[in-house]
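> Build me a model from this:
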Amino acid sequence: MDERQYSQFIKSLHDLQQRKLVNMAEERCLEHLESHPDDNHVKTILAGVYWELHDFSLSLDLYLQLLRDEPELLDVYRLAAQAALRSGNRDLALKIAEDYRKKVGNTPELTLLLVDIYERNNMIDEAYAELQRNRTGGTSLDRPGIEYFTCRILVQQKKYDEAIDLIMSILNQTSYSSSDKIRGELYFVLAKIYDRTGEYDKAWAAAESAHQLEGGGWDMSAYERRAQSIMDFMDRETVEGLACSTLTDEKPIFIVGNPRSGTSLLEQILGMHPEIDNGGEMSITTLIQARSAHVMDSFHEWPVSLYDMRAADADVFATMYAEARARLAPDTAMVSNKSLVLQEQLGFLSRILPAAKAINLRRHPLDNCVSCFTTSISNAGHHYAGDLEQLARTWIVRRRLQDYWPTVLDMPILELHYENLVANQEHETRRLLEFLEVPWEEDCLNFHQSTRVARTISYDQVNKKMYNSSAGRWKRYEKHLGPLIDMLGDYL
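Now for the predicted structure:
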């Protein structure tokens, strides 16, 4: 590949990222790195792709490789620290941040990084002290960015009036301008404040304002067609006739649930067990699916292409999964995976990972949808969340898939309700561990004491003790939920 071809290749990778075709970008990066393993430019792009896929551990692994190869890549320190933070490794995030400080000094970027680490780990005093140090230390920060973190900390300190005043000064742009992204995030912070103070109409209006600033789109019809095609193809007879891997050492725990349904809480509980590790939203299953046609030498569309899968192909896929798991937890065979595509892939995964078990996690549909609507999840790819009709239709598709798999798969699947887990923590935890065939572990009841912050947007909840205030939350917003109630009526 000459210089011009390489430049075009890099441009094509960036173009795929901009078009949100991250799975295709991942595949092309990996293919290139097979023949050019020392191409750090492509490794940097791939790390960013994994970040967009929420596979923060793989992103971190690549950033650490880059720092070992080129320790003067200053921007990579910040990216690596953020990846460590979202991988659940607070201590490593702080260490990398300190290494970054040694390279660049006390810069605005370092301050924002440290505040983010502290706040996400409920180290509120440290976060506040870092903000105050910056205000008196002579450095200059991007105002909207620093004020956004200040608002989040004020909320943690329950200084709601101060937070509202600061947010409104930014939203009204009395002193400076800010991007739509920051404005949207501030509206979501405002929604959280009003929800906590019982001003539910204002909370809903703030969430609506946030969604109005969001970009992106969601092809609802295509999503529904894809799910239906999977269920039409994967009947019991077809599943049992598909080739099966002979490799049984891998024992993944698939947490199958919706966004904001309690998957992070469940993973945190399981991660307190010495025989289980947290994998977060592992992207490997999506990569396996993307590469499956090539491995199977099939010209059919997914999932019909699975007719062409041989036992040797299933072993290849199982090995790919095992290698990805080993990068996360080399000494632990039982690693949880709560990827949000599992609802579509469980039938396929039952054949390539025959020792897997799944947990079907459910939450009251209206509570689940209200949480999605009032939380910033659209920027994480859930572009349906700001439209109540699309939100309901997406919930129904996911529910149909969750209901379908236990009827056609031999994979052990445990039904678990978020509300029961919250109300009867010890009973449900014992039921979980018995299902997974691991001994009782008292620490699982003390998940909030973990030093590993949750890998997802739910971090501000799962690092606190169990609470049940979110049960029945939808009733506070009932007057706004007409479309949801009408469409979800069969599930209420």
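> For the longest helix along the chain, which helices and strands make contact with it?
In the chain, assigned by DSSP state H, the helix with the most residues is helix 388-408. Here helix 388-408 touches helix 220-233, helix 236-241, helix 342-352, strand 357-362, helix 365-373, strand 413-417, helix 482-487, going by 3 or more CB pairs under 8 Å, 6 or more residues apart in numbering; DSSP states H and E. Where C-beta positions appear, they are placed from N, C-alpha and C, glycine not excepted.
> Kindly reformat these as a markdown table containing mean pLDDT.
A markdown table is the format used below for those (pLDDT from 0 to 100):
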| stretch | mean pLDDT |
| --- | --- |
| helix 220-233 | 95 |
| helix 236-241 | 96 |
| helix 342-352 | 96 |
| strand 357-362 | 97 |
| helix 365-373 | 96 |
| strand 413-417 | 97 |
| helix 482-487 | 95 |
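> Select, out of these, the one closest to residue 154.
Set against residue 154 and scored by CB to CB, the helices and strands packed on helix 388-408 come closest in helix 365-373, at 22.1 Å.
> just to revisit the earlier point, who wins for proximity to residue 104 among the helices and strands packed on helix 388-408?
Within the helices and strands packed on helix 388-408, the stretch nearest residue 104 is helix 365-373; the backing value is 38.2 Å (CB to CB).
> which residues sit against that closest one?
Here helix 365-373 makes contact (CB atoms under 8 Å, 6 or more residues apart in numbering) with 207, 211, 258-261, 382, 385-386, 388, 391-392, 395, 399, 470-474, 477, 481, 484-485, 488, 491-492.
> Flag every buried residue along it.
With burial defined by 16 or more other CB atoms under 10 Å, the residues of helix 365-373 counted as buried are 365, 366, 367, 368, 369, 370, 371, 372, 373.
> again, but for stretch 243-259
Under the neighbour-count criterion of 16+ other CB under 10 Å, stretch 243-259 has 243-245, 247, 250-259 buried.
> Same question for stretch 195-205.
Across stretch 195-205, burial judged by 16+ other CB under 10 Å covers 195, 200, 202, 203, 204, 205.
> which stretches of the stretch 201-350 of the chain have low pLDDT?
Within the stretch 201-350 of the chain, the segments meeting pLDDT under 70 span 216.
> Throw the buried residues of helix 365-373 into a markdown table and include distance to residue 237, thanks.
Output for these, formatted as a markdown table (distance: CB to CB, whole Å):
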| residue | distance to residue 237 |
| --- | --- |
| 365 | 31 |
| 366 | 37 |
| 367 | 37 |
| 368 | 33 |
| 369 | 35 |
| 370 | 40 |
| 371 | 38 |
| 372 | 36 |
| 373 | 40 |
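> which one of the residues you listed is nearest residue 61?
Nearest to residue 61 among the buried residues of helix 365-373 is residue 372, at 30.2 Å by CB to CB.
> What residues sit buried inside stretch 57-70?
Of the residues in stretch 57-70, those buried by neighbour count under the rule 16+ other CB under 10 Å are 57, 58, 59, 60, 61, 62, 63, 64, 66, 67.
> Using PDB, list the CA coordinates for stretch 160-167.
Extracted C-alpha coordinates of stretch 160-167, given in PDB (Å, rounded to 0.1, in the frame of the first residue of the first chain):
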ATOM      1  CA  TYR A 160     -30.300  21.900  43.800                       C
ATOM      2  CA  ASP A 161     -31.100  25.700  43.800                       C
ATOM      3  CA  GLU A 162     -27.400  26.500  43.100                       C
ATOM      4  CA  ALA A 163     -27.300  23.900  40.300                       C
ATOM      5  CA  ILE A 164     -30.500  25.300  38.800                       C
ATOM      6  CA  ASP A 165     -29.200  28.900  38.800                       C
ATOM      7  CA  LEU A 166     -26.000  27.800  37.200                       C
ATOM      8  CA  ILE A 167     -27.700  25.700  34.500                       C
END
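> What's the mean pLDDT across that stretch?
Averaged across stretch 160-167, pLDDT comes to 94.
> buried sites along the host helix or strand of residue 82?
Element membership for residue 82 (DSSP states H and E) is helix 74-86. By 16+ other CB under 10 Å, the buried positions in helix 74-86 come out as 76, 77, 78, 79, 80, 81, 82, 83, 84, 85, 86.
> mind saving the C-alpha coords of the very next helix or strand once past that helix as PDB?
Where DSSP H and E defines the elements, the next helix or strand beyond helix 74-86 is helix 90-104. Taking C-alpha atoms only, helix 90-104 is exported to PDB below (Å, rounded to 0.1, in the frame of the first residue of the first chain):
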ATOM      1  CA  ARG A  90     -10.600   3.800  39.100                       C
ATOM      2  CA  ASP A  91      -7.100   3.200  40.400                       C
ATOM      3  CA  LEU A  92      -5.600   2.700  36.900                       C
ATOM      4  CA  ALA A  93      -7.500   5.800  35.600                       C
ATOM      5  CA  LEU A  94      -6.000   7.900  38.400                       C
ATOM      6  CA  LYS A  95      -2.500   6.500  37.800                       C
ATOM      7  CA  ILE A  96      -2.700   7.300  34.100                       C
ATOM      8  CA  ALA A  97      -4.000  10.800  34.900                       C
ATOM      9  CA  GLU A  98      -1.000  11.300  37.200                       C
ATOM     10  CA  ASP A  99       1.400  10.200  34.400                       C
ATOM     11  CA  TYR A 100      -0.400  12.700  32.200                       C
ATOM     12  CA  ARG A 101       0.200  15.400  34.800                       C
ATOM     13  CA  LYS A 102       3.900  14.600  34.700                       C
ATOM     14  CA  LYS A 103       3.900  15.200  31.000                       C
ATOM     15  CA  VAL A 104       1.800  18.300  30.600                       C
END
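> after helix 90-104 comes which helix or strand?
That would be, after helix 90-104 and using DSSP H and E, helix 108-120.
> counting contacts, what elements does that following helix pack onto?
By 3+ CB pairs under 8 Å, 6+ apart, helix 108-120 packs against helix 74-86, helix 90-104, helix 124-136, helix 143-156.
> With mean pLDDT and distance to residue 333 added, can I get the ones you listed in TSV?
Formatted as TSV, those follow (pLDDT from 0 to 100; distance: least, CB to CB, whole Å):
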stretch	mean pLDDT	distance to residue 333
helix 74-86	92	24
helix 90-104	93	23
helix 124-136	79	36
helix 143-156	83	37
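> closest to residue 183 out of the ones you listed?
That would be helix 143-156 among those, by CB to CB, at 8.3 Å.
> who does that closest one touch, helix- and strand-wise?
If contacts are counted by 3+ CB pairs under 8 Å, 6+ apart, helix 143-156 sits against helix 108-120, helix 124-136, helix 160-171, helix 180-196.
> how much does the second one deviate in direction from helix 143-156?
Angle of helix 124-136 versus helix 143-156, following axes from the mean of the first three to the mean of the last three CA atoms, to 10 degrees, is 150 degrees.
> The shortest one too?
The directions of helix 160-171 and helix 143-156 differ by 160 degrees, with the same axes, to 10 degrees as the criterion.
> Helix 160-171 versus helix 180-196: what angle between them?
On the basis of the same axes, to 10 degrees, helix 160-171 is oriented at 150 degrees to helix 180-196.
> So which of the buried residues of stretch 57-70 belong to helices?
Reading helices off these with DSSP H, I get 57, 58, 59, 60, 61, 62, 63, 64, 66, 67.
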